[in-house]
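Participant: Here is my input; please provide its structure:
(one chain, ligands or ions: 1)
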Amino acid sequence: MSKILVTGGTGFIGSHTVVELYNAGYEVVIVDDFSNSNPKILQQIETITGNKPEFVQLDLCDEAKVKDFVAKNSDISGVIHFAAFKAVGESVQQPLKYYRNNFYSLINLILAFDSKVNLVFSSSCTVYGQPDVLPVTEDAPTKKAESPYGNTKQIAEEILQETCAVTPGLNVTSLRYFNPVGAHHTALIGELPIGVPQNLVPFITQSAIGKRGPITVYGDDYNTPDGSAIRDYIHVVDLAKAHVAAIRRLESGKATSNYEVFNLGTGKGSSVLEIIKAFEQSTGVKLNYTIGARREGDIEKVWGDVSKSSRDLEWKAELDLAEMMSSAWKWEQYLQENPF
Ligand code: WQD
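Facilitator: Residues are numbered from 1 along each chain as shown. Below you'll find the model as predicted:
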């Protein structure tokens, strides 16, 4: 079976994707520098799948080392590129750190494969900004990102599209994630936020377990049914399966272009207050929250049109909000007993 390189494969979405690649019969080699993940995840993946992932610790910004790695791993048939910095707030404070890391790693990777490779790229619905029409489709206009992080995703997509246009051997699929949440049902892998979680669901689970105080709902004066902002939350396992589907499509030769883009969401929007209620209903844990001011840079509402993904990736999200919340809670409880 073909071997897939997963960069950032010990991270949140990367580790879940490695599990689904094994489930689909692929071999995997992980490259990571542990800048935003924990080495223990490798053991967790082995416990879940029975496979000990091949692993190389590597800084993808080091062009010579990336070239050497690829030259020594000529059996790699495809790449799923997760490795990137992704903290929106930090990117505002340290833009060069984000532009250097997120662009050097991507460009080094492509050049190391001599621009002849099947590459799945981790992008984000952030590229849409606040869409004018909902649900948002892949051909909606992208908008100037609110943060250097979002800008790195937008510019990376442009780099890939422009390069693919003149590089027939380079086949790329950009996957635009909506909001990934939840954890593997074994509760052996999940999200490992560093410091105070900026994202809603990890803050909820840490508040629920007593690690944090009450949740602040960032604004209840939006033009939405309950006033709180709406997002398209998708279970990380559904998201991981979509990456396997994207690799399969690239291998099948069914792609209609050597650069394709797909939305990865559920097609359904949920508000912050609805997420809080869904967590309470699925876990039985009462949450404390207060209503605060809107967060700088947040958009009001977004959810994805996923008809193109369903048709061309032959993939659909299957896990509901209850499973997203209960799996996130099980993982938080696991972490309390087994701190990383
Ligand atoms: C969701 C909603 C907040 C925390 C970001 C990135 C995106 C992707 C996912 C990487 C918003 C509200 C949050 C809290 C709250 N990251 N909220 N109280 O901002 O939609 O997306 O993370 O790929 O690219 O932009 O996700 O989870 O931070 O916020 O009310 O304590 O929850 O205002 O409405 P976001 P989020």
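Participant: quick one: secondary structure of residue 248?
Facilitator: helix (DSSP: H, G, I helix; E, B strand; the rest coil).
Participant: neighbours around it, how many?
Facilitator: 16 (other CB atoms under 10 Å). (Glycine included, C-beta is placed from N, CA and C.)
Participant: Mind giving me the packing neighbours of the lowest-mean-pLDDT helix or strand in the chain?
Facilitator: Lowest mean confidence among the helices and strands of the chain (mean pLDDT, DSSP states H and E): helix 88-93, at a mean of 92. Judged by 3 or more CB pairs under 8 Å, 6 or more residues apart in numbering; DSSP states H and E, helix 88-93 is in contact with helix 95-112, helix 148-165.
Participant: For that helix, buried residues please.
Facilitator: Going by neighbour count (16 or more other CB atoms under 10 Å), the buried part of helix 88-93 is 88, 90, 91.
Participant: contacts for that helix?
Facilitator: The contact list for helix 88-93, computed with CB atoms under 8 Å, 6 or more residues apart in numbering, reads 85, 97, 98, 146, 147, 148, 149, 150, 152, 198, 297.
Participant: separation between the first one and residue 337?
Facilitator: Residue 85 sits at a distance of 30 Å from residue 337 (criterion: CB to CB, to the nearest Å).
Participant: So which of the two has more stuff around it?
Facilitator: A side-by-side neighbour count of residue 85 and residue 337, using other CB under 10 Å, places residue 85 first with 19 against 7.
Participant: is it true that the more buried one lies in a helix?
Facilitator: No. Counting by three-state DSSP, residue 85 falls outside a helix, being coil.
Participant: Go ahead and confirm it touches residue 97.
Facilitator: Yes. Counting by CB atoms under 8 Å, residue 85 touches residue 97, with 6.7 Å between them.
Participant: Near the ligand, which residues of the stretch 151-300 of the chain? Just list them.
Facilitator: Within the stretch 151-300 of the chain, the positions near the ligand by CB under 6 Å from any ligand atom are 177, 179, 198-200, 203, 215-218, 229, 231, 272, 295, 298.
Participant: Give me the subset of these lying in strands.
Facilitator: 177, 179, 215, 216, 217, 218, 231 (DSSP state E).
Participant: Report the two of those separated the most.
Facilitator: 177 and 216 (24.0 Å; CB to CB).
Participant: Look at those two and report which has more neighbours.
Facilitator: Between residue 177 and residue 216, counted using other CB under 10 Å, the more crowded position is residue 177 (21 against 15).
Participant: any idea how far residue 92 is from the more buried one?
Facilitator: 20 Å.
Participant: next one: residue 255
Facilitator: Between residue 255 and residue 92 the distance is 36 Å, computed by CB to CB.
Participant: I'd guess residue 13 is in a strand, am I close?
Facilitator: No. Applying three-state DSSP, one finds residue 13 to be helix, outside a strand.
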